[in-house]
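Colleague: build me a structure from this.
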Amino acid sequence: RRRQGRMSTAVRTKTKVLFFVPNLIGYLRLGFALSAALCLPNEVRCFIILILLSIITDFFDGIAARKLDQCSRFGELLDIIADNACRSLTWMALFVVSGDKISSLDAALCLVVPTIEWVAMMAGQLEAFDKGTHWKTTTDDAPWLLKKIFENGFKNPLGGLIIVGIFGLPLVKLARLVVEDGSPFATVLDVSTPVMYIGRFMGLWAEYWVISSFFSKVLDMDVQPTKKS
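Modeller: Residues are numbered from 1 along each chain as shown. Reported below is the predicted structural model:
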């Protein structure tokens with residue numbers, strides 16, 4: 001009976017975490033992203049609107065977590081999964097909607113970038129869980145530039161540029177496919193695209209460092225002499 005009591009308490013605690021307000025927002029964000037996929041390939045504008053709703057609601061889960069004292073490891077993981085889902089689906093949409101007209105660069109980005117983002121997520125999360133820190137916390141051996149990017153949770157000019165680039169580049173390129181040439185909005189998209197590229201490629205460098213650093217530590221574990229029992 002005592003063991004059952006402890007188990008039921010653990011289950012109630014886990015259930016409570018699952019229904020924290022910021023986590024409910026996370027489910028909503030995933031719902032927006034998955035619903036957006038149903039709009040393809042014909043309703044591109046609807047897809048973009050739903051993805052933007054998922055991105056915008058990301059601002060509220062962190063606020064809710066802090067205000068309600070409902071921060072959780074599960075919530076951190078759910079948040080980054082929702083982020084990656086939004087970006088991966090947008091790259092997929094760009095690939096599908098472009099069809100035969102897609103450039104070699106865009107085709108490569110559509111295939112390579114989502115893969116790198118998910119591997120970087122795995123590496124960052126595993127290291128954070130191992131050290132008991134937040135995934136946005138950089139290690140002492142991180143390059144100066146990476147520390148500046150992650151400073152204050154990306155809330156700095158360099159971090160902001162990368163966030164805009166990783167979310168904005170596929171969205172801008174996708175929107176450009178359905179915006180009429182010569183319109184003011186087309187001009188805005190064309191002007192902002194180079195900025196998005198800069199942010200996205202800086203993000204690729206940061207992801208490369210996170211991934212390579214993680215696997216270097218994994219290899220260090222493999223070459224260390226094992227303890228004999």
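
Colleague: C-alpha from now on. contacts and neighbour counts both.
Modeller: OK.

Colleague: remind me, longest helix of the protein?
Modeller: Criterion DSSP state H: the longest helix present in the chain is helix 184-223.

Colleague: which elements pack onto that one?
Modeller: Here helix 184-223 touches helix 104-131, helix 157-178, going by 3 or more CA pairs under 8 Å, 6 or more residues apart in numbering; DSSP states H and E.

Colleague: which one of those helices lies nearest to residue 47?
Modeller: Between residue 47 and the helices and strands packed on helix 184-223, the tightest spacing by CA to CA is seen for helix 157-178, at 9.9 Å.

Colleague: could you give the angle of the closest one to helix 184-223?
Modeller: Between the axes of helix 157-178 and helix 184-223, defined by axes from the mean of the first three to the mean of the last three CA atoms, to 10 degrees, the angle is 130 degrees.

Colleague: ok, back up a step: list the buried residues in the longest helix of the chain.
Modeller: 186, 189, 193, 195-200, 202-204, 206-211, 213-214 (16 or more other CA atoms under 10 Å).

Colleague: same question, stretch 170-182
Modeller: Those would be 170-176, for stretch 170-182 by 16+ other CA under 10 Å.

Colleague: which other residues reach it?
Modeller: Applying CA atoms under 8 Å, 6 or more residues apart in numbering, the contact partners of stretch 170-182 are 44-45, 48, 87, 90-91, 93-94, 97-98, 185-186, 189-190, 193.

Colleague: before we move on, back to that, which of the buried residues of stretch 170-182 sits closest to residue 143?
Modeller: The nearest member of those to residue 143, counting by CA to CA, is residue 170 at 27.5 Å.

Colleague: below-threshold pLDDT in the chain: ranges please.
Modeller: In the predicted model, the chain carries pLDDT under 70 at residues 1-12, 226-229.

Colleague: ok, residue 156 - contacts?
Modeller: By CA under 8 Å, 6+ apart, the contact set of residue 156 is 148-149.
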